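>>> Sequence plus the predicted model coming up.
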Amino acid sequence: MPMIRYNPLGTEHEDFPAGLRLFQDSLSRLFSEPASRPWAPAVDIYETENELVLKADVPEVDPKHVGIQIENGTLTLKGERRFEEQKNGKGFHRIERSYGSFVRAFSLPETVETDKVKADYKNGVLTITLPKKEVAKPKTVNVEISNN
């Protein structure tokens, strides 16, 4: 008895419907085209004694195409990484990085001084520093113990 390889989509058989083949080809192109794949930058958020720090990986994103907005206790980070096609006649062999617009939103605690937020862009990393209000900063209180 001959062994038959199982192929659920049946792409190797002549009886594969042309419409389904076109659908599969369209779906493959949809997920392989750089402009159509959604992306969002990876973000790290950490806290120090005096501030919250948000670091977002936004390589090859022009800082002019990045927007930072704070409204109603939410920090919104918007931007766009644009796909630049080669104009010298060389074609791509593979495109795996995603391009297009992105939006990330983060809830902020009430302890952040929103009017003193700073942002810095260096080596493809956007660093947003959110200082804490004085009330939120930890304080050390020395308590003396009396010996009675």
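Arrived safely, thanks for sending.

>>> Check what pLDDT residue 65 gets.
At residue 65, the model reports a pLDDT of 88.

>>> I'd like to know how many residues surround it.
Residue 65: 13 surrounding residues under other CB atoms under 10 Å. Yep, even glycine has a C-beta here, placed from its N, CA and C like the rest.

>>> Does it touch residue 80 like I think?
Yes. Using CB atoms under 8 Å, residue 65 is in contact with residue 80, at 4.7 Å.

>>> Now the common contact residues for these two.
Taking CB atoms under 8 Å, 6 or more residues apart in numbering as the criterion, residue 65 and residue 80 do not both touch any residue.

>>> so what's residue 76 up against?
With contact taken as CB under 8 Å, 6+ apart, residue 76 is in contact with 67-70, 103-106.

>>> at 6 Å instead, please
When contacts are counted by CB atoms under 6 Å, 6 or more residues apart in numbering, residue 76 touches 69, 105.

>>> Tell me the spacing between it and residue 148.
According to CB to CB, to the nearest Å, residue 76 stands 58 Å off from residue 148.

>>> Mind telling me what element residue 55 is part of?
Per DSSP states H and E, residue 55 falls inside strand 51-57.

>>> Give the next helix or strand downstream of that strand.
As assigned by DSSP H and E, the chain's next helix or strand after strand 51-57 is strand 66-71.

>>> Paired strands for that next one, with orientation please.
strand 74-81 (antiparallel) (DSSP bridges).

>>> What segments of the protein are helices?
18-32 (DSSP state H).

>>> so how far is residue 101 from residue 69?
Distance from residue 69 to residue 101, by CB to CB: 15 Å.
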